[in-house]
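# Quick check, what structure comes out for this input:
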Amino acid sequence: MKTLYLLLAIVGALVPYLFFFQHFAVYGLDLGFFVQSLFANGAAAGFTADLLISSFVFWLYMFSQREGPSPWPFVLLNLAIGLSCALPAYLYARARRSA
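Numbering: from 1, shown residues only. This next block holds a predicted model:
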């Protein structure tokens, strides 16, 4: 599972950034417009809300664990890349630590 978690973390970093780069190539580095685009319609807003709630739950879970890796690098991954990278990276770090 450890190798799968690492592979999923890499894929989870690359795929979102492909879309982000496409967006920024067309619209530039306008972060205000980027955030506005996250809520452009009901479908996008639903996905964005789901991701924000899931990220918050993931943070609560990490900070509630007495053992395991420090949650801060994974919070930063979550904010900089997304949950699709941060969650499998966290699971990889936990699996490495317990091996």
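
# what mean pLDDT would you report for stretch 70-88?
Over the span of stretch 70-88, the pLDDT mean works out to 97.

# now the end-to-end length of it.
Start-to-end span of stretch 70-88 (Cα to Cα, to the nearest Å) is 15 Å.

# which is the next helix or strand following the helix of greatest length in the chain?
Across the chain, the longest stretch assigned as helix under DSSP state H is helix 2-27. Counting by DSSP states H and E, the next helix or strand C-terminal to helix 2-27 is helix 31-38.

# Quick one: work out the angle between that next one and helix 2-27.
110 degrees (axes from the mean of the first three to the mean of the last three Cα atoms, to 10 degrees).

# on contacts alone, who are the packing partners of the longest helix of the chain?
helix 31-38, helix 83-98 (3 or more Cβ pairs under 8 Å, 6 or more residues apart in numbering; DSSP states H and E). (Glycine included, C-beta is placed from N, CA and C.)

# Buried deepest among these, which one?
helix 83-98 (a mean of 19; mean count of other Cβ atoms under 10 Å).

# got a list of what S84 touches?
11-13, 15-16 (Cβ atoms under 8 Å, 6 or more residues apart in numbering).

# what's the answer for M1, then?
Applying Cβ under 8 Å, 6+ apart, the residues near M1 are 91, 95.

# swap the cut-off to 7 Å and go again
By Cβ atoms under 7 Å, 6 or more residues apart in numbering, M1 lies in contact with A95.

# just L31 next, same as before
Here L31 is in contact with no residues (criterion: Cβ under 7 Å, 6+ apart).
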